[in-house]
Every structure is written in structure tokens, then in C-alpha cells.
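Visitor: from the sequence below, what's the structure:
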Amino acid sequence: MSEIIFEVREDEADGGYTATALGYGIHTQGETLEELCAMVKDAVHCYFDETMQAPKIIRLHFVRDEVLA
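Guide: Okay, the predicted model is just below:
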């Protein structure tokens, strides 16, 4: 595997960010983007142990909802 993609959403109610890996059971969150990046790297490291090939690239896809009146 060469890449894993996380869908990132800003939590409007509580603040911070949540990230979910597409196709994998990996979910994490962080109060800031810097913290989220560290948490995503840690989550990927924990999910892919030494028996599994870890992705070389972690991509964050930011999703924003816009409401038009």
C-alpha cells in the first residue's frame, strides 16, 4: 500500500477536528491541526503493526459544509 486517505471535518459544536480513514477502521481527533496531524500519524502507526505493510503517504482530505440561505 502506498497511500491512506483521511476525511477531516471541523467539529463546529465543540471545536477541533475529527479524521476518519477511508476503507479502514481508523478514527482520531485533535484540538488543532497540528495535534490532529500527530494523532493521525500515531493512529496509523498503531493500526499497521509489524506484520502489515504501512502506507508511505498519509493524505488528509478536508471536508467543509457550506449552507446557503
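Visitor: quick one, helices of this structure?
Guide: Remark: helices assigned in the chain by DSSP state H are 33-47.
Visitor: distance of the nearest residue to residue 15 once chain neighbours are set aside from residue 60?
Guide: Distance criterion CB to CB, 6 or more residues apart in numbering; nearest residue to residue 15, sequence neighbours excluded, is residue 31 at 6.9 Å. All C-beta atoms are positioned from the backbone trio N, CA, C, and that covers glycine. Residue 31 sits 16 Å away from residue 60, taking CB to CB, to the nearest Å as the criterion.
Visitor: how about residue 24?
Guide: From residue 24 over to residue 60 the distance is 14 Å, taken as CB to CB.
Visitor: and the residue nearest to residue 15, how far is that from residue 58?
Guide: Per CB to CB, residue 31 is found 19 Å from residue 58.
Visitor: ditto for residue 14
Guide: For residue 14 relative to residue 58 (CB to CB), the value is 24 Å.
Visitor: look at these two and report which has more neighbours.
Guide: residue 58 (17 against 8; other CB atoms under 10 Å).
Visitor: OK, contacts around that one?
Guide: Contact analysis of residue 58 by CB atoms under 8 Å, 6 or more residues apart in numbering lists 3-4, 6, 40-41, 44.
Visitor: show me what contacts the residue most central in space within the chain?
Guide: Nearest to the mean C-alpha position of the chain, counting by CA atoms, centre = their mean, stands residue 19 at 3.3 Å. Shown in contact with residue 19 (CB under 8 Å, 6+ apart): 6-9, 27-30, 36, 39-40, 60.
Visitor: near the residue nearest to it when sequence neighbours are not counted, how many residues? Count them for me, please.
Guide: What sits nearest to residue 19 in space, not counting adjacent residues and going by CB to CB, 6+ apart, is residue 6, at 4.3 Å. As a burial measure, residue 6 scores 23 neighbours (other CB under 10 Å).
Visitor: same question for residue 36.
Guide: Number of residues near residue 36 (other CB under 10 Å) recorded here: 21.
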